[in-house]
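Asker: All I have is the shape, not the residue letters:
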């Protein structure tokens, strides 16, 4: 897919799915803005990707930082066509009865409020220009309980509903809002899950996880007209028909 002259902003872009998405969209010709708390990593990745990329420190739990990042992207590239809400955390993994309230709340601030902050900052820009695409990296945990993941399940369920709300309110203004449930992906998050030793997901072998470029390529495909039938819904890479549509082996 050709993304020439399109601008994409990616949260959680310092590693994993976010970093792979940056590479995939840059190869497709897009301007890419990379956001993460680790400024050194996103700046180094942007330098590797070339002059059509920039990296910026941003804590998505702070709306002012997200708003400033969106404005920086608009100032640099002249607009914003795609927002990928990817930033997320799985720690602290713990049972409800022993969960640290501060850690639990911080996960919600990143996984849920961070998605809202991105939408809130990007939607006015997109609407003014006639439309855009908002993609939320979701999870199977958004739709079913997982032991010791109450913070993750609850925040991902909320983010999925936010994406549905964006579709409900803004589709008529040219907004294409969708979610992507990537399955288990070979990223640092899976290493954290593995080390917890809690629930069946932590027992999976590394080879059971899909590579991070699979969801990255799916996100690129979701920006194409071929994905229009899925606007307002959440697609899953566990679905073999979706993998075929994306071109994944």
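Answerer: Looks like it came in fine. Everything quoted here is computed from the prediction, not taken from an experiment. Numbers count the residues shown, from 1 in each chain.

Asker: Show me which parts of the worst-scoring helix or strand of the chain on mean pLDDT are buried, residue by residue.
Answerer: One helix or strand of the chain scores below all others by mean pLDDT, DSSP states H and E: helix 188-196, with a mean of 85. Buried residues in helix 188-196, counted by 16 or more other CB atoms under 10 Å: 189-190, 193, 196. For the C-beta atoms, the positions are set from N, CA and C on the backbone; glycine is no exception.

Asker: Kindly report the same for stretch 241-249.
Answerer: 242-243, 245-246, 248.

Asker: Do a quick rundown of the helices in the chain.
Answerer: For the chain, the helices defined by DSSP state H cover 16-27, 39-49, 63-77, 101-108, 114-129, 150-170, 188-196, 213-222, 240-246.

Asker: Counting by contacts, list what the shortest one packs against.
Answerer: Helix 240-246 makes packing contacts with helix 213-222 when contacts are defined by 3 or more CB pairs under 8 Å, 6 or more residues apart in numbering; DSSP states H and E.

Asker: looking just at contacts, which helices and strands does the helix it packs on meet?
Answerer: By 3+ CB pairs under 8 Å, 6+ apart, helix 213-222 packs against helix 16-27, strand 132-137, strand 175-181, helix 240-246.

Asker: Let me have those in TSV, extended by distance to residue 149 and mean pLDDT.
Answerer: Below are the helices and strands packed on helix 213-222 laid out as TSV (distance: least, CB to CB, whole Å; pLDDT from 0 to 100):
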stretch	distance to residue 149	mean pLDDT
helix 16-27	18	96
strand 132-137	16	98
strand 175-181	15	97
helix 240-246	24	94
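
Asker: Out of those, the one nearest residue 228 is which?
Answerer: strand 175-181 (7.3 Å; CB to CB).

Asker: In a markdown table, list the helices and strands packed on helix 213-222 along with distance to residue 56.
Answerer: As requested, these are exported to a markdown table (distance: least, CB to CB, whole Å):
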| stretch | distance to residue 56 |
| --- | --- |
| helix 16-27 | 12 |
| strand 132-137 | 19 |
| strand 175-181 | 23 |
| helix 240-246 | 29 |
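
Asker: didn't residue 166 look like it was pressed against residue 119?
Answerer: Yes - using CB atoms under 8 Å, residue 166 is in contact with residue 119, at 5.7 Å.

Asker: Mind listing the shared neighbours of these two?
Answerer: Taking CB atoms under 8 Å, 6 or more residues apart in numbering as the criterion, residue 166 and residue 119 both touch residue 134.

Asker: Grab the most central residue of the chain for me.
Answerer: In the chain, the residue lying closest to the centroid (CA atoms, centre = their mean) is residue 86, at 1.9 Å.

Asker: Can you tell me how far the residue of the chain positioned farthest from its centre is from residue 147?
Answerer: Distance to the chain centre peaks in the chain at residue 97, reaching 29.4 Å (criterion: CA atoms, centre = their mean). In this structure, residue 97 and residue 147 are 12 Å apart, going by CB to CB, to the nearest Å.

Asker: related to what we said a few turns ago, between the helices and strands packed on helix 213-222, which gets nearest to residue 91?
Answerer: Of these, nearest to residue 91 by CB to CB is helix 16-27, at 14.1 Å.
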